[in-house]
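S.K.: Sequence and predicted model, in that order:
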Amino acid sequence: MDKKLIALLACPVCKGDLKLNREKTELTCYQDGMAFPIRESIPVMLANEARTLTSDERLDKH
């Protein structure tokens, strides 16, 4: 994903910053503990499509 596009995106729930996880192809919001998938280079910014981060992932914060 383009870094400029990521900089423009915000979490749809809390409007906080998102961090790109290239390994899992998703955008992560550590404030809400949610990870939004990226499918075919398109971020899916729907709360019902996001997965909940595990406790370890919440602590890791790369």
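M.R.: In hand now; what should we look at?
S.K.: burial count for L18?
M.R.: 22 (other CB atoms under 10 Å). Backbone N, C-alpha and C define where each C-beta goes, glycine included.
S.K.: repeat for the one 4 residues further on
M.R.: Look at R22: counted by other CB under 10 Å, it has 8 neighbours.
S.K.: And it, how close does it get to V44?
M.R.: 16 Å (CB to CB, to the nearest Å).
S.K.: repeat for D56
M.R.: Taking CB to CB, one finds D56 at 23 Å from V44.
S.K.: So which of those two has more stuff around it?
M.R.: Neighbours per residue (other CB under 10 Å) separate D56 from V44, with V44 holding more: 14 against 7.
S.K.: Tell me which residues touch that one, please.
M.R.: Applying CB atoms under 8 Å, 6 or more residues apart in numbering, we find V44 in contact with F36, P37, I38.
S.K.: out of those residues, who has the most neighbours?
M.R.: F36 (21 neighbours).
S.K.: Three-state assignment for the closest residue to T25 other than its chain neighbours, please.
M.R.: Nearest residue to T25 in three dimensions, chain neighbours excluded: I38, at 4.6 Å (CB to CB, 6 or more residues apart in numbering). For I38, the secondary structure call by DSSP: H, G, I helix; E, B strand; the rest coil comes out as strand.
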